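Visitor: dropping a prediction and its sequence here:
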Amino acid sequence: MEKQYSLIGGSFMVRSGLIAGLLLLFSCAIAANNQLPTSARSIAAINKVEPVLIKALSEKSLRYGAPIFIRIFKRSATLEVWLQAESGRFELFKVYDICAQSGRLGPKLRRGDRQAPEGFYFVNAQRFNPWSKFHLSFNLGYPNAYDRAHGRTGSALMVHGDCVSIGCYAMTDSGIEEIYALAQKALEDGQPFFRVHIFPFRLSDEALERVKNNRWYTFWLNLKQGFDYFEQTKIPPNVNVQNKRYVFSAP
């Protein structure tokens, strides 16, 4: 019995050691995937804008490093930065003018159509680019599951600096520096990813009634469900795709 116990105990110890090792490797892999890339350019840019941002945030009782949420509206060429307040709801921090965007109202369909995307996207650490040829950028993750379900093609659709666009949203260098700093700090402080919701315009009932004959009317009605959820709760919803449609639920 003593020998049997010893064999069982030894096997258990070996198994435990293997499991512990695998867990360590897994945790290291997760940490590596969540690590934000940096460059001399991004470090210098963030060091420059941080004092200004911290002061502006404190005046609105918001925290530098709070979870971030971004909305983009094509028609008004604006990008909104929202940050989570102590209440748990998100509050509008700042509205940035989009310096350049290409295409017209409606989603991106295929590579080379010069359209900027519309829909619901998210950005994690791996989608930050501190070496961008357009100063700083982050990838929106187009095509998402909805886009792929509809056979849409293309890649590398960004929010970036400078003032030129072929399907991206160009914010000027000074604009992207602030947006990039806020997003990077949010992820550094624990937000696993942030959401970017892109709309053709503010999807009120009245605005949609005026475009009911547009080919994208049904698509925009689906986007309106996500738009309304945030308008009513000030919390971005979870977004999934079922039967080639966006569906929304509480986060």
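Guide: Now that the structure is in, tell me what you want to look at.
Visitor: quick one, what contacts residue 132?
Guide: 158, 160, 161 (C-beta atoms under 8 Å, 6 or more residues apart in numbering). C-beta here means a position set from N, CA and C on the backbone, and glycine is covered the same way.
Visitor: nope, residue 239 is what I meant
Guide: Contacts for residue 239 were tallied using C-beta under 8 Å, 6+ apart; they are 120, 195, 226, 246, 247, 248.
Visitor: quick check, it in a helix?
Guide: No. Per DSSP: H, G, I helix; E, B strand; the rest coil, residue 239 lies outside any helix segment and is strand.
Visitor: list the beta-bridge partners for the closest residue to it other than its chain neighbours.
Guide: Leaving aside its sequence neighbours, residue 239 sits nearest to residue 120 (C-beta to C-beta, 6 or more residues apart in numbering; 4.3 Å). Counting by DSSP bridges, residue 120 is bridged to residue 197.
Visitor: burial of residue 120, as a residue count?
Guide: 26 (other C-beta atoms under 10 Å).
Visitor: pLDDT wise, what is it at?
Guide: Looking at residue 120, its pLDDT is 99.
Visitor: next: residue 211.
Guide: pLDDT recorded at residue 211 is 97.
Visitor: so how far is residue 202 from the residue nearest to residue 134 when sequence neighbours are not counted?
Guide: Once flanking residues are discounted, residue 134 sits nearest to residue 160: 3.8 Å by C-beta to C-beta, 6+ apart. In this view, residue 160 and residue 202 are 24 Å apart by C-beta to C-beta, to the nearest Å.
Visitor: looking at these two, which one has more neighbours?
Guide: Neighbour tally, residue 160 and residue 202, criterion other C-beta under 10 Å: the higher count belongs to residue 160, 27 against 16.
Visitor: identify the bridge partners of the more buried one.
Guide: Bridge pairing for residue 160 - DSSP bridges - gives residue 137, residue 170.
Visitor: any idea of the pLDDT on it?
Guide: Residue 160 is given a pLDDT of 98.
Visitor: show me what contacts it?
Guide: With contact taken as C-beta under 8 Å, 6+ apart, residue 160 is in contact with 132, 134, 135, 136, 137, 138, 168, 169, 170, 171, 176.
Visitor: list buried residues within these.
Guide: 132, 134, 135, 136, 137, 138, 168, 169, 170, 171, 176 (16 or more other C-beta atoms under 10 Å).
Visitor: report the contact partners of the nearest residue to the third one once chain neighbours are set aside.
Guide: So the one you mean is residue 135. Once flanking residues are discounted, residue 135 sits nearest to residue 161: 3.0 Å by C-beta to C-beta, 6+ apart. The contact partners of residue 161, by C-beta under 8 Å, 6+ apart, come to 132, 134, 135, 136, 137, 170, 171, 172, 173, 175, 176, 177.
Visitor: ok, residue 96 next?
Guide: Per C-beta under 8 Å, 6+ apart, neighbours of residue 96: 78, 79, 80, 81, 171, 175, 178, 179.
Visitor: whichever of those end up buried, select them in PyMOL.
Guide: Burial among the contacts of residue 96 is assessed by 16+ other C-beta under 10 Å; the matching PyMOL selection reads:
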select buried, resi 79+80+81+171+175+178+179
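Visitor: show me the contacts of residue 96 that map onto strands.
Guide: 78, 79, 80, 81 (DSSP state E).
Visitor: now distance to residue 235 and pLDDT too, for those, in JSON lines please.
Guide: Below are those laid out as JSON lines (distance: C-beta to C-beta, whole Å; pLDDT from 0 to 100):
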{"residue": "78", "distance to residue 235": "21", "pLDDT": "99"}
{"residue": "79", "distance to residue 235": "19", "pLDDT": "99"}
{"residue": "80", "distance to residue 235": "15", "pLDDT": "99"}
{"residue": "81", "distance to residue 235": "16", "pLDDT": "99"}
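Visitor: list just the nearest of those to residue 242.
Guide: Distance to residue 242 across these (C-beta to C-beta) is lowest for residue 80, with 27.4 Å.
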